[in-house]
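Student: Here is my input, please return the structure:
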Amino acid sequence: MSVVSQPNRQKRSSVASVGNRLLPLTLLLLMVSSCVKDQLNDLELTYNGTLAVPIATVGFTLSEALEGDTVLTIGDDNSIRLAVRQDNFFELSAADLLDELTGTLEESFSQQTAIGKVRIPDVNNQFQVPFVDIVSGFPDVMLQQLLLSSNGSFAPMPAFQQNPASDLSVVSFSDFSWIEVDTGTISLTVKNNLFFDLENLSATVLDVNSGQTITQIDFPLVPAGGGTATQVSPLDDILLGNSFKVVLNSIGSQGSGGIPVFIDLNKSLDFTLDISDVTINSGEAKLVAGTLAKDTLDFDFQLSNGERLYQALVNSVSLKADLSSSVKTPITIRLTFPAVYKNNQPVVQEFTLPTTPPGSPLQIDLGSSFSGSAWNFDQDISQPYNRMGIIYEVILENNTGGLIQFAATDEVSVSMVAKDFEVGEVRGFFGFREEILDNGNFDLDFDFSFLDPSSSPLLFTNPRMLLYLENSFGIPLESNFNVLANGSFGGQASLDPPKFSLNYPGIAEIGQTKTTSFLIDKNNSKLVELLSVYPASLGYSGNVVINPANDLQIVNFIRSDSRLKADAEFDLPFSFRVEDLVYRDTGEALELTLEDGLTIDDIARADMKILYKNGMPLKTGIRLIALSASGEENTVVNDFFIEPAAVDDDGKVTADGKAEGEVRLSLDNDQIRLMDEATSLIFEVHFQSGDGGALPATMFTDYDVELKIGMTVTIDK
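Tutor: Numbering: from 1, shown residues only. From the prediction side, this is the model:
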C-alpha cells in the first residue's frame, strides 16, 4: 500500500523549475517518496500470521534536495532566497521626449514687402552762355547797341539792370525719363567769367514737358573773374520729366564806374544744374545700388505645455522658402540668421531673384545649409525663449544699366516654413507634465500552478523589489508607476509603490549618466499582498512627471542619446507565513497482487508506522484520496499530521527545536479496497507555518527531515 506516490517529472533548469522544486522539495518532501510503493509491490504475504516489513528510511537536508539549482542565492547563514531580475523594467528614450518638443515643431511666416521709395543716381549738367547771347536779349536796345559797338575795345562799362526773359539753355538727363520725386534737391551754380560783377541775377528752372516751374534761382552778387554762387532748392512731391529749361529773368551790374575796361562779349557765364539725393515713389529711371528694404522677422515657436526652448543643436531640418518679386530688375534677397551658428558663424543665405510672374514664386530649399547648426532661441531680451529673429534684406547689388520701370508699390514676397526638426541636443525648460510609460509585463519566472486553488495567501515575511535607474536626461523627473498582479487562481493585487525622484545630470554634466537605487518593500508598498495572490503575471504601467517642482530657473537638456532606463529585481528570501498551503498531486493507483485464493477480505489488518524527525518549520497534514473511474473522490486517509520544528521569532528553527514523533495508521479492508479499485490516488498535503500560520517560516539549507516507515499486514486464513 502506498501512502504517497508522485509521478515522475522531468527536471527543468529554468527559474520556474526552481520555484516548483523549492516548495515541493523543501516544503513538500515531508511526503513519503515512491519507494514506499515499490516496497509494497514486493511485499510477500504470509498466511495465518502477521508480517512486519520495514518499508523505507527517508532522510535529506534542503541542501541535498536543492543540489544543482545554482540560480538560488544561499546566504552566509545558509538562508535561501530567490532573485529574479527584469532588465529594462521600463524606459524612456530621447526620441519619446524630443518628438514632443521638436518633432511637431513647426513655424512659418509670410512677408510681403513693398519696396517703397528708392534712390536714383545724382545727375548734373553744365552749359555756357556767352555774354553776347545775353546782351542780344536785352530789352534796352540802346544799351544793347552800345555794348555790341564796344566789343573788343576799352571803354567804361555802364551800369544796367535788364529783364530779358530769355531762354538760356535746355538741359536733358539720360538717367531717367520721368520720376515722381518724394524728396531731393535741385541746385544751380553760376560761375562769372565776365569783366564786371553781376548783381540781381535771377533765373527760373522749368520742366520742359509740363511747363511747370521747378524752382527760381536768385543771386544778389556774383563777383567777376571767376566768382561763383550756388542756390539749392528742395524737390518734394513733384512729377518731373528729364528735360529742364533755364530762363534768365533778370541781370544787372554797377558797371566800371567810368573806368575803361576791356569789353569782351565772348566771355561767358558757366551754369551747372544738379539734381541730388533724390528718392522717388515711381518712375522710369536708373536705380542706385543699395538696400531697397530691410526688416527683422521672427520665428515664434509655439509649444503646448509651457515649454521654453533656449537652444537646439539641429542635425537636420526642413526649411523651405518661396520668393517672388514684381521689381523690374533682378534683386538679391539676403536672409541673415544672427541666432543660428554653423562653423562658429551666423548663417547667411542669399538668392538672386528675378522678376517673377504672379503665382510662380522661386522655390528655395535651405535645409542642407542648416545641418549641424546651433539654433539659439534666447537672444530676444523681451522674450528670451522660443523666438528666433531673421534679418530680411532686399538688395540691389549694382546700379541698373538702363532705365527701369519702378513703383513704390512693387513688392518682394518671402514665405518660409521650418519643420521636421531632428536635433542632437536641446536646452530649455520642458514644462510640467506627465510622460506616459509604455505598459509591460514582468515575468517572475515563478510557477505557482503546482499549488491548489484552495490555498490560503502565502505571505512572504520580507520581500524586496529593487529598482536600479540610469538617467542621462538633464531634467528633474519623478517616477510614478504601479504593478498589478494577476493571481494564478483569479485574484488580483496592486503594488502601490511610492513616488520617488530620480537623480539627473546638471547643465554642467551634459553627457553624464546619474544613477538612482530605490528599495520597495513591505513598509512602503503592498509588495507582500502582491505576492500573496500567487501571481501568474505582473503588469506594470505608469508615468514620469517632468519638472515636478515646475521651477523655471532650472535649465533642462536632452541629447539624442539621452535615456532613462530602469532595471528591477525581486529579492525573495524564503521566509513566509501561511495558514493553509495546499498541494495536490495525482499518483498511480495501488497495484495489490495477492496470491491465488486470497482476496482483500482475507486481510485482517494492515498497519503503517511512521517515525519522523522533522527539522522543517512547517506543520504538515496529509490526506490520501482514491479517484474512481467515474471521477468520484473518496477519502482513504484523512489528515494525519507531522509536527513542525520549533522556531524563534525570526522563523528559524532553534538548535533543539527539531520535532520528533510517530504516526500510526490503521487501514481496514474498505480503505484497502478503495485504493485497489481506484484509477489513481490523489495526495493532498497541507502546510502551515508556526502558531496556526501566525509565525514566519524561514528556509535554510541545513534543515533536514528523517522518516522511517514500516508496515504490518495480518492475513486471516
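Student: And the average pLDDT for the strand or helix carrying residue 674 is what?
Tutor: Assigning secondary structure by DSSP states H and E places residue 674 in helix 669-677. For helix 669-677, mean pLDDT rounds to 81.
Student: quick one, helices of the protein?
Tutor: 15-21, 35-41, 62-65, 94-98, 131-135, 141-150, 527-532, 669-677, 690-693 (DSSP state H).
Student: tell me the mean pLDDT for stretch 649-657?
Tutor: 83.
Student: Work out the gap between that stretch and the centre of the chain.
Tutor: 56 Å (C-alpha atoms, centre = their mean, to the nearest Å).
Student: Pull out the buried residues from that stretch.
Tutor: 651, 652, 653 (16 or more other C-beta atoms under 10 Å). No exception for glycine: its C-beta is placed from N, CA and C like everyone else's.
Student: show me the contacts for the last one.
Tutor: This means residue 653. When contacts are counted by C-beta atoms under 8 Å, 6 or more residues apart in numbering, residue 653 touches 615, 616, 617, 645, 646, 647, 700, 703.
Student: pLDDT weak spots in this protein?
Tutor: For the chain, the stretches flagged by pLDDT under 70 are 1-60, 62-72, 445, 590-596, 716-717.
Student: For residue 559, which non-adjacent residue is closest in space?
Tutor: Leaving aside its chain neighbours, residue 559 sits nearest to residue 425 (4.7 Å; criterion: C-beta to C-beta, 6 or more residues apart in numbering).
Student: For that neighbour, give its distance to residue 107.
Tutor: Computed with C-beta to C-beta, to the nearest Å, the distance linking residue 425 and residue 107 is 19 Å.
Student: out of these two, which sits in the more crowded spot?
Tutor: residue 425 (21 against 16; other C-beta atoms under 10 Å).
Student: Quick check: the gap between the more buried one and residue 102.
Tutor: 11 Å.
Student: same deal with residue 503?
Tutor: Distance from residue 503 to residue 102, by C-beta to C-beta: 25 Å.
Student: Pick out whichever of these two has more residues nearby.
Tutor: Each of residue 503 and residue 102 has its neighbours counted (other C-beta under 10 Å); residue 102 has more, 23 against 14.
Student: which residue packs closest to the more buried one, ignoring adjacent ones?
Tutor: Nearest in space to residue 102, with sequence neighbours left out and distances taken as C-beta to C-beta, 6+ apart, is residue 421 at 4.1 Å.
Student: Next: residue 438.
Tutor: residue 90 (7.1 Å).
Student: try residue 491
Tutor: residue 533 (3.8 Å).
Student: so who does that neighbour touch?
Tutor: 457, 485, 486, 487, 488, 489, 491, 492, 493.
Student: beta partners of the third one?
Tutor: Following DSSP bridges, residue 486 is listed with bridge partners residue 492, residue 537.
Student: quick one: it and residue 534 touch, right?
Tutor: No: counting by C-beta atoms under 8 Å, residue 486 does not reach residue 534; the two are 10.0 Å apart.
Student: which one of these two has more residues nearby?
Tutor: The neighbour count for residue 486 versus residue 534, taken as other C-beta under 10 Å, is higher for residue 534 (22 against 16).
Student: Could you measure from that one over to residue 490?
Tutor: 10 Å.
Student: Same question for residue 435.
Tutor: Distance from residue 435 to residue 490, by C-beta to C-beta: 33 Å.
Student: show me what contacts the residue nearest to residue 398 when sequence neighbours are not counted?
Tutor: Closest residue to residue 398 apart from its sequence neighbours, by C-beta to C-beta, 6+ apart: residue 289 at 4.9 Å. Listed by C-beta under 8 Å, 6+ apart, the contact set of residue 289 reads 396, 397, 398, 399.
Student: next one: phi and psi at the residue nearest to the last one when sequence neighbours are not counted?
Tutor: Leaving aside its sequence neighbours, residue 399 sits nearest to residue 289 (C-beta to C-beta, 6+ apart; 5.0 Å). Main-chain torsions, residue 289, degrees, to the nearest 10: phi -60, psi 140.
Student: Report the separation between the residue nearest to residue 491 and residue 490.
Tutor: 9 Å.
Student: next one: residue 651
Tutor: 29 Å.
Student: hmm, back to that, which strands or helices does the helix holding residue 674 pack on?
Tutor: strand 603-614, strand 619-627, strand 633-642 (3 or more C-beta pairs under 8 Å, 6 or more residues apart in numbering; DSSP states H and E).
Student: strands paired with the last one, and their directions?
Tutor: Right, the one you point to is strand 633-642. Checking strand 633-642 against DSSP bridges gives partners strand 619-627 (antiparallel).
Student: Now for the closest residue to residue 330 other than its chain neighbours, how many residues are close by?
Tutor: Of all residues not flanking residue 330 in the chain, residue 354 sits nearest, at 4.9 Å (C-beta to C-beta, 6+ apart). Neighbours of residue 354 under the rule other C-beta under 10 Å: 13.
Student: My guess is residue 354 contacts residue 333. True?
Tutor: No: contact criterion C-beta under 8 Å: residue 354 and residue 333 do not qualify, at 11.2 Å.
Student: right, and residue 340 touches residue 376 too?
Tutor: Yes: with contact defined as C-beta under 8 Å, residue 340 reaches residue 376; the gap is 7.2 Å.
Student: Spell out which residues are contacts of both of those two.
Tutor: Residues touching both residue 340 and residue 376 by C-beta under 8 Å, 6+ apart: residue 388.
Student: Who has more neighbours out of those two?
Tutor: residue 340 (22 against 19).
Student: contacts for stretch 151-162?
Tutor: With C-beta under 8 Å, 6+ apart, stretch 151-162 has contacts from 132, 138-140, 143, 146, 195-196, 199-200, 250-266.
Student: one more time with 6 Å
Tutor: Contact with stretch 151-162 is made by 138, 143, 196, 251-256, 258, 260-263, 265, as judged by C-beta atoms under 6 Å, 6 or more residues apart in numbering.
Student: Please apply the same query to stretch 494-504.
Tutor: By C-beta under 6 Å, 6+ apart, the surrounding residues in contact with stretch 494-504 are 469, 471, 474-475, 477-480, 482-484, 514, 516, 518, 520, 524-526, 530.
Student: do the same with stretch 216-224
Tutor: Here stretch 216-224 has contacts from 188, 190, 192, 194-199, 201-204, 229, 231, using C-beta under 6 Å, 6+ apart.
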